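> coordinates for the following, if possible.
(chains A and B)
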Amino acid sequence: MKFSYYPGCTLKTKAKDLDAYMRASAEALGVELAELPEWQCCGAVYPMAKDEIATKLSAVRALMSARDLGTDLVTLCSACHNVIKQVNHDMKTDADIALRANNYIGAETPYMGETAVLHFLEVLRDRVGFDTLKAKVKNPLTGRKIGAYYGCLLLRPSKIMAMDDPENPTIIEDFIRAIGAEPVIYGMRNECCGGYVTLENKGEAERRSNIVLESAKAKGADTVVTACPLCLYNLKKNGGCDDVSVVYFTELLAEALGVK
Amino acid sequence: MSHNKNAAAVEEVLRSSGVDVRKCMRCGKCTATCPAFDEMEYHPHQFVYMVEKGQIDKLAASDSIYRCLSCFACMERCPRQVEPAKLIEAVRLHVIRAKGANHLKPEQIPAMLDEDLPQQAIASAFRKYSK
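Below is the predicted model:
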């Protein structure tokens, strides 16, 4: 199983763990991830306006590069995944955006949304399979009660992201079961942590993050897992709940596979 | 705002967002599900009907355009696919695309940093607040 991989800016800096635990786990699972050459920052938020072209180009270049390599494109950071998948949808369905972006880049073969974009969770579910993952677990996390924190970017807009049911998702819960722990379902698992607004309005991020953590704690979670560096930051730094630890899902994966 | 200038602003916001405000049936679900509700002067459903009424100037002058978290909750949960977040984004762009109107400037960043702040937060904020 060979894929192109887009790490994104934060996985090379503040979220090196998210990346390193995935790489170690992927190797143990026989998944080959080749980092895209010369990738650029995706911008971290999807530019929603129809007349925003330049801000979509770094995602288009990554998608085009994966197409030219003949591989599907794997992402890990929730934000990168959201941006790249939504831009891919634009290139496939919005003729005006596709024309202008392709004119801008001046590629020999215009990019029209050919690349399949997969989050690493989807690689685990749809390519490796949670049953295969379960069979390869060396240190099952028995007894741990883990809440999946989807946040906003993995699931929405669901028609485009198409990863799971946006209001009643199961992919991370199924992952948690595969590594031997017990998933905890709680109400706020797909609500926002406060995102980038933490820069200007820390109070809002604190309120949002605490609502999420209190909801997870009330249902008995000892740990909450995320795929997003900004969610991790907000929940840990702005949330401040001593009873619930917040970790990347890849850390638990590596732990379960015995490669941490 | 003069009548013509206002009409141009409405046209720009509608074109840039791609939103059809007339699809809204005023159920208020977008605002009910908005996590930034308490922070906003104008809420997602108000963006929809105020754009329809041509009140771009009021929306543009409000801090509400910087409070949206871009979490896509209002877009996902709208039963009529109106997608209010796209209007908030378009009004914000209408403001910050003007010369010298950036809401976030690079010189403000050092005071906002802490040792754990992910680059993603800064990249996002610049995308949302500056051109």
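
> residues in contact with A:E52?
A:E52 makes contact with B:L93 under the criterion Cβ atoms under 8 Å, 6 or more residues apart in numbering or on different chains. C-beta here means a position set from N, CA and C on the backbone, and glycine is covered the same way.

> phi and psi next, for it.
phi -100, psi 110 (degrees, to the nearest 10).

> roughly how far does A:E191 sit from chain B?
A:E191 sits 6 Å away from chain B, taking Cβ to the nearest Cβ, to the nearest Å as the criterion.

> and what of A:D165?
11 Å.

> that residue: how many residues sit nearby?
A total of 11 residues lie near A:D165 under the criterion other Cβ atoms under 10 Å in any protein chain shown.

> what do you get for the one 4 residues further on?
For A:P169, the tally of surrounding residues (other Cβ under 10 Å) stands at 19.

> name the nearest residue to the one residue sitting closest to the centre of chain B, sequence neighbours excluded.
The residue lying closest to the centre of chain B (Cα atoms, centre = their mean) is B:I88, at 2.2 Å. Distance criterion Cβ to Cβ, 6 or more residues apart in numbering or on different chains; nearest residue to B:I88, sequence neighbours excluded, is B:C68 at 4.6 Å.

> do I have it right that that neighbour meets B:A85?
Yes: with contact defined as Cβ atoms under 8 Å, B:C68 reaches B:A85; the gap is 6.4 Å.

> which positions in the stretch 1-150 of chain A make contact with chain B?
Selection of the stretch 1-150 of chain A residues close to chain B by Cβ under 8 Å from any Cβ of the partner chain yields A:8-10, A:13-15, A:41, A:43-52, A:55, A:77, A:79.

> among these, which lie within helices?
When DSSP state H is applied, the residues of the stretch 1-150 of chain A next to chain B are split such that A:A79 fall in helices.

> who touches the residue nearest to the centre of chain B in this structure?
So B:I88 contacts B:P44, B:F47, B:S64, B:I65, B:C68 (Cβ under 8 Å, 6+ apart).

> give me the pLDDT for the first one.
B:P44 is assigned a predicted lDDT (pLDDT) of 98.

> burial measure for it, as a count.
Neighbours around B:P44, by other Cβ under 10 Å: 28.

> quick revisit: gap between the residue nearest to B:I88 and B:L59?
B:C68 sits 11 Å away from B:L59, taking Cβ to Cβ, to the nearest Å as the criterion.

> same deal with A:K50?
19 Å.

> which residue of those two possesses the greater neighbour count?
Shown here are A:K50 and B:L59; by other Cβ under 10 Å, B:L59 has more neighbours (24 against 18).

> show the pLDDT at that one.
For B:L59, pLDDT reads 98.

> so which bits of chain B are right by chain A?
By Cβ under 8 Å from any Cβ, the part of chain B that sits against chain A consists of B:15-18, B:35-36, B:38-39, B:66-67, B:69-73, B:75-76, B:85-86, B:89-90, B:93, B:104, B:112, B:114, B:116-125, B:127-128.

> at 7 Å what do you get?
Chain B comes close to chain A at residues B:16-18, B:35-36, B:39, B:66-67, B:69-73, B:75-76, B:85-86, B:89-90, B:93, B:112, B:116-121, B:123-125, B:127-128, as judged by Cβ under 7 Å from any Cβ of the partner chain.

> please pick the buried ones from these.
Buried subset of the residues of chain B next to chain A (neighbour count, 16 or more other Cβ atoms under 10 Å in any protein chain shown): B:16-17, B:35-36, B:39, B:66-67, B:69-73, B:75-76, B:85-86, B:89-90, B:93, B:117-121, B:123-125, B:127-128.
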